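Colleague: please find the sequence and the predicted model below.
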2 protein chains.
Amino acid sequence: MVLPDTTEDTQGSGLASVNPDLASERLTASFCVPRLTAVLDGGAERTRLRRAVVDVIESDPVFSRENQYFQSQNERYEAAVRKAVHVRKKMQEMGWSEDGPESVYIYRALSGDVAFLLHRVFMRSISVLGSDKQVAKWIPPATEYQLIGSYAQTELGHGTYLQGLETTAVFDISTQEFILNTPTISAMKWWPGDMGRSATHTVVFAQLYIHGKCYGVHPFIVQIRSRQDHSLCPGVIAGDIGPKMNFEHIDNGYLMLKNVRIPRENMLNKFCEVQPDGTYIRRGSQKINYFTMTSVRISLISDEVILPLMKACTIAIRYSVVRRQSKLKPGEEEAKILDYQTQQEKLLPQLAAAYAFHFINNYLHELFNRGYREIQGRNFDSLPELHAFSSGFKAMVTQYCTSGLEICLRACGGHGYSLLSGLPSLYTKILASCIYEGENTILLLQTARFLIKCFTAASAGQPVPPSVTYLAAMKPGKCPAKDKLDFLSPDIYTEAYQHAAIRLISSTAAKLQDLIQSGVERHEAWNQCTVQLVQAAKAHCHYITVKNFVETVEKLENTAGIQNIMKHLCDLFALHGIFSNAGIFLHDGYITGAQMDMVTASYLDLLGIIRKDAVPLVDAFDFTDKNLNSALGSYDGQVYQRLYDWARKAPTNKQISPAYEKYLKPLLHNKLSKL
Amino acid sequence: MVLPDTTEDTQGSGLASVNPDLASERLTASFCVPRLTAVLDGGAERTRLRRAVVDVIESDPVFSRENQYFQSQNERYEAAVRKAVHVRKKMQEMGWSEDGPESVYIYRALSGDVAFLLHRVFMRSISVLGSDKQVAKWIPPATEYQLIGSYAQTELGHGTYLQGLETTAVFDISTQEFILNTPTISAMKWWPGDMGRSATHTVVFAQLYIHGKCYGVHPFIVQIRSRQDHSLCPGVIAGDIGPKMNFEHIDNGYLMLKNVRIPRENMLNKFCEVQPDGTYIRRGSQKINYFTMTSVRISLISDEVILPLMKACTIAIRYSVVRRQSKLKPGEEEAKILDYQTQQEKLLPQLAAAYAFHFINNYLHELFNRGYREIQGRNFDSLPELHAFSSGFKAMVTQYCTSGLEICLRACGGHGYSLLSGLPSLYTKILASCIYEGENTILLLQTARFLIKCFTAASAGQPVPPSVTYLAAMKPGKCPAKDKLDFLSPDIYTEAYQHAAIRLISSTAAKLQDLIQSGVERHEAWNQCTVQLVQAAKAHCHYITVKNFVETVEKLENTAGIQNIMKHLCDLFALHGIFSNAGIFLHDGYITGAQMDMVTASYLDLLGIIRKDAVPLVDAFDFTDKNLNSALGSYDGQVYQRLYDWARKAPTNKQISPAYEKYLKPLLHNKLSKL
């Protein structure tokens, strides 16, 4: 299953030859690049499938992103709708099904610039929360886009705290309808994608009232626009919420409802029902809602967070061996900027993190699939762990990747700041991942709550879920490392991470206990500990990520240089974390100042080692030029020519600005004399 | 000189009343807000002047930024040109001169969205580098916009390393002209503002050749467009470099020159001259060039970096007392998000930093003005210190404020991500400050070079400049703090910062020495130390900033609660720095783990204290609503109403998208049946 030792065949480029500075980087790889690509894909078979899908998508001009950086919000929206409609046609043509293996690669190939993702959430929520009858009624037409759905949960004044939603749905027995209303401006639905201009229907979350009694938040299917002429339905006010930092292709919308009536059958009623006489019935477990959120959170990490960081690393690292600036050695030619230690220290830890997160994401998916199987067998035991896990990792990975992407952007200097580099769009998009699907601080505090609970249980000798059994193993101890090479031992650094996580969790648990015992009310004590609880949750997630990277490397094939280079990256990821968070490890003397100097020495040595393989390591991510859409990051490294070629296409170069005639000419012609 | 205890009069708002949650925050200020505003302005007289300028600018509809978030690149460029032309007219009308006291407030009032800043750099470079004759010829028409200038230094392949510029200027004795050429694509001028579409002239930096010998980089005035019809001059290829992350209002441009001839008189020749026979003469000191760069770096920090952070703090803090989400205490109403410790920990350190940087900026300006007076007396002694200072501070302040602004943006959740919050534009603009006028890593390494030199001198008992005399005072010692209150003593924390800075500088100097003595070549040894050199330079700048904040607070008036609240902010800035960089202080045991717990406790206590004054502290920045241009940050806190009002104005809501007719209708009408 050895692939040819080149990735050139998938790298389309309009320019003739590869920049020699970049080409030379590929001659000295210490490992086989296609083998690593296959490892990342989960097998060479998957690589072939992925490439086939990417080929189909990229060879179709409808899916081109060539003009993306020059488009207005309107144009991007229109293109995204066109792509959404076209992709369905394409899938039918190719015989690809929604649950087929190809479907996971379509979105990657499109690079996310496609509409109707919320339409899919609309469908998913009906599938999960709707009765069989509701599924049978709504899913077939939705599948064929005979209606466009959205998902209206967030309100202008209400995000994370769902119980605070203000939209009301009052049951009217006389007509067997729910009457939906937006009682205040803060109750307006705000942010739902596909709702500002596209959707004909949406799932609205509203407080259910029957006979004046509130039964809490429930989901209702509401038609908001005519399928006939797309005009707003009576009582509906809806529109676009205006420009955002990115997602210009999505029509995030607002929605106000004034006495909008929907039939009783439109409340999604798999788990609860309002009977004709107004009797409210709840059935089944509510925990499954929990699981849906968890699944969304896990599913977005790969495409929306890790892939963008991988792309940014590819762009920044390729550019950093083409860009020459200043001299490392007097008398020599200007140096590749990646040969400067400071540039390595910016980029290579991000590269190591991209690999670390790819592997922890695989682990999360395994955990999720196991949990899913258990749930199907009506066993909900793993839900709290899975929820804590997915929350903490969503927060850690989005935060880390967002920072990493910003570092990549800035490491490319001025050119990184040009949209044509591809980096600004990646950044402004990934930043949103820190906010959506659960704000990160709140998610980390949920993980912390789980950890404190488990720590208390473990301390009392009670059983705890597998991922936190380490909390029972608190020993004072000191790091046994004697020289810098000891810090290349996974046992040494994994134990350091474990120790730090336990210390932070236990000391915060102790502070919490002290406060409560000194008479502070429980909720206030919790609030006073939250800064430290967030730290503790991060330390836990960091520890688990390092541990998983170590275990992954141990299991990798020991040929083609794969295990070797991954061991270096794993070491780098671990030591970068200790170097950058030194205080956590030095605090109780587990690591001494002298040992921290060893960490630093080993860390800086690793930068020099991984530097040699930096380009092959990003080549292994196997992005096509079209997928990167970057003048700096193309496979051939023809950076300057491409920047120039693309800049010339800018619409600002295709017209004389009216500003000349209107404002400049009168001035310039004033006393026109020879200068 | 007591101002009325309200800032309401300058806060125009279309909405009727102040949100009660925000209003209540203003009733309990522990200090007099207008007095603090006057302190920040440098006196109540300055406040009045600033407000007068702001009033004039903001009451003129030409300067409105109302539609800014909805404008295309073309529209923003056109508006910026219009404003640049109009502002000149306005100044004439008002009798404001270029060097008058009003002029510093005009740019602030415009919020930077104005063209022809590079035109001013063009003029400044002629004033500084040109002969009296050149100044007499070019400055008057430039002042009247009879020509539009730009400043073409950076090339596509060359930024920080000026010696590497490739553009050539060959002296042709026979015609007494210079012939300018762009020999390669990487030699193309790239990025100069005002050059893509506006400029008729530019100062081009090129390698001067006479009789085949290269004399290095020199500045030449080159006409690039006709003043008659704005067409490109023969041999000139120029245009716009396309979209960027921000600065859409500026036409950053590219420029290629093909045998463009200019007369001998167009080389700026105050400091060097090519005589008619080709003799090259250098006169005066080149160090003055150095000083120009320093002055640009210092001048941008206030308007481009500190003000944006102040604006972001104003927006995020006001929003955080209007936004209520989730419950702090069961049974109570939802809490203001600023009452959560984690939200305080995000925003209040940024607020403290904004004050810290405002004061260090004042200090820098004093230092600069003193240096300027010395230089006028032909004394260049203070230049190295001033250069090291301005480089390090530009890097530290831009980095800190950029991160701080991102934190403010994210702390506003989803709404912070809307352009209407004002935060995305502030962020994408401030980010550029980390790159332009010297890339931050390179600047920090220049500061580090100065510090290592001074440390070596101080160790040898030689005299060093005033700001680094502390380097001679290395004593091993331990922090004497006994409880958390001790860490509110400026002596305690200032000494900790001083100790950390000395330790990092001395240990890196020692590593450098060791490497060189072990046979590593000097340039390679330097490269191997650069990650640590950057750390050392940051620690030095951080120390000086803390020390300056402490000294500023000591000198403040002891009335109206001013000194008291500033002391809290100073403590917060200092302790946040120790808390966030714990490793640096723990490394050699200067601060122990137990003491770090005291730091943490005092730091968290301070958050609660400053929380009470958070809104008055941002009110004191005295931004008008128009200046903030934020739906979240207005003085009246009518957040939700304003978001809705502004969103409705979005152009996407003013037309039916062609996407409906083209792509959606055919699908929706397919088997149109009742659902």
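Modeller: Cool, the structure landed.

Colleague: name the residues of the stretch 51-200 of chain A found near chain B, please.
Modeller: Within the stretch 51-200 of chain A, the positions adjacent to chain B are A:69-70, A:72-74, A:77-78, A:81-82, A:85, A:137-138, A:141, A:144-148, A:154, A:156-161, A:164, A:185-186, A:188, A:190-191, A:196-198, A:200 by C-beta under 8 Å from any C-beta of the partner chain. The way it works is simple: take the backbone N, C-alpha and C, and place the C-beta from them, glycine included.

Colleague: out of those, list just those in helices.
Modeller: Of those, the ones assigned to helices by DSSP state H are A:Gln73, A:Asn74, A:Tyr77, A:Glu78, A:Val81, A:Arg82, A:Val85, A:Lys137, A:Trp138, A:Pro141.

Colleague: so is the lengthiest helix in chain A next to chain B?
Modeller: Longest helix in chain A, counting residues (DSSP H): helix A:341-376. Yes: judged by C-beta under 8 Å from any C-beta, helix A:341-376 comes into contact with chain B at A:Gln341, A:Thr342, A:Gln343, A:Glu345, A:Lys346.

Colleague: following element in sequence after that helix, please.
Modeller: Per DSSP states H and E, the first helix or strand lying C-terminal to helix A:341-376 is helix A:383-411.

Colleague: quick check: angle from that next one to helix A:341-376?
Modeller: Counting by axes from the mean of the first three to the mean of the last three C-alpha atoms, to 10 degrees, helix A:383-411 lies at 160 degrees to helix A:341-376.

Colleague: would helix A:383-411 count as contacting chain B?
Modeller: Yes: judged by C-beta under 8 Å from any C-beta, helix A:383-411 and chain B are in contact via A:Glu406, A:Leu409, A:Arg410.

Colleague: of those, keep whichever come out buried.
Modeller: A:Glu406, A:Leu409, A:Arg410 (16 or more other C-beta atoms under 10 Å in any protein chain shown).

Colleague: pick out the residue closest to the middle of chain A.
Modeller: The structure's chain A has its C-alpha centroid closest to A:Val305; by C-alpha atoms, centre = their mean the separation is 2.9 Å.

Colleague: can you pull the contacts of A:Lys482?
Modeller: For A:Lys482, the contact set (C-beta atoms under 8 Å, 6 or more residues apart in numbering or on different chains) is empty.

Colleague: just confirm it is within a helix.
Modeller: No: counting by DSSP: H, G, I helix; E, B strand; the rest coil, A:Lys482 is located in no helix; its state is coil.

Colleague: where does it land on pLDDT?
Modeller: A:Lys482 is assigned a pLDDT of 98 by the prediction.

Colleague: re earlier: save the ones in helices among the residues of the stretch 51-200 of chain A next to chain B as a markdown table, and put in neighbour count and pLDDT too.
Modeller: What follows is those, written out as a markdown table (neighbours: other C-beta atoms under 10 Å in any protein chain shown; pLDDT from 0 to 100):
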| residue | neighbour count | pLDDT |
| --- | --- | --- |
| A:Gln73 | 21 | 90 |
| A:Asn74 | 17 | 90 |
| A:Tyr77 | 25 | 95 |
| A:Glu78 | 21 | 94 |
| A:Val81 | 26 | 96 |
| A:Arg82 | 18 | 96 |
| A:Val85 | 21 | 94 |
| A:Lys137 | 17 | 97 |
| A:Trp138 | 23 | 97 |
| A:Pro141 | 19 | 95 |
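
Colleague: circling back: return the list of helices and strands in contact with the longest helix of chain A.
Modeller: Helices and strands touching helix A:341-376, by 3 or more C-beta pairs under 8 Å, 6 or more residues apart in numbering or on different chains; DSSP states H and E, are helix A:287-300, helix A:307-322, helix A:383-411, helix A:522-555, helix A:562-580, helix A:593-619, helix B:440-459, helix B:522-555.

Colleague: can you do 6 Å?
Modeller: Packing partners of helix A:341-376 (3 or more C-beta pairs under 6 Å, 6 or more residues apart in numbering or on different chains; DSSP states H and E): helix A:307-322, helix A:383-411, helix A:522-555, helix A:562-580, helix A:593-619, helix B:522-555.

Colleague: Serialize these to a markdown table and add fields for mean pLDDT.
Modeller: Shown next, in a markdown table, are those (pLDDT from 0 to 100):
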| stretch | mean pLDDT |
| --- | --- |
| helix A:307-322 | 98 |
| helix A:383-411 | 96 |
| helix A:522-555 | 98 |
| helix A:562-580 | 98 |
| helix A:593-619 | 98 |
| helix B:522-555 | 98 |
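
Colleague: deepest of those, which one?
Modeller: With neighbours taken as mean count of other C-beta atoms under 10 Å in any protein chain shown, the helices and strands packed on helix A:341-376 reach their highest mean count in helix A:307-322, at a mean of 27.

Colleague: let me know the angle separating that one from helix A:341-376.
Modeller: 160 degrees.

Colleague: near chain B at all, helix A:307-322?
Modeller: No: on the criterion C-beta under 6 Å from any C-beta of the partner chain, helix A:307-322 is out of touch with chain B, staying 9.4 Å away.

Colleague: below-threshold pLDDT in the stretch 201-350 of chain A: ranges please.
Modeller: The model of the stretch 201-350 of chain A has pLDDT under 70 over residues A:285-290.

Colleague: who in it is up against chain B?
Modeller: So the stretch 201-350 of chain A meets chain B at A:227, A:230, A:239-245, A:325-326, A:329, A:334, A:341-342, A:345 (C-beta under 6 Å from any C-beta).

Colleague: go on, the stretch 401-550 of chain A?
Modeller: Residues of the stretch 401-550 of chain A lying near chain B (C-beta under 6 Å from any C-beta): A:410, A:413-414, A:417-420, A:424, A:432, A:434-435, A:439, A:441, A:523, A:527, A:530-531.

Colleague: quick one: the helices in the stretch 1-150 of chain A?
Modeller: A:20-26, A:33-41, A:44-58, A:73-94, A:103-110, A:117-129, A:132-143 (DSSP state H, counting those that start in this stretch).

Colleague: so who does the nearest residue to A:Gly416 once chain neighbours are set aside touch?
Modeller: Spatial nearest neighbour of A:Gly416, chain neighbours left out: A:Leu409 (4.5 Å); criterion: C-beta to C-beta, 6 or more residues apart in numbering or on different chains. Counting by C-beta atoms under 6 Å, 6 or more residues apart in numbering or on different chains, A:Leu409 makes contact with A:Gly416, A:Leu423, A:Tyr427.

Colleague: which members of these occur in helices, if any?
Modeller: Checking the contacts of A:Leu409 against DSSP H, those in helices are A:Gly416, A:Leu423, A:Tyr427.
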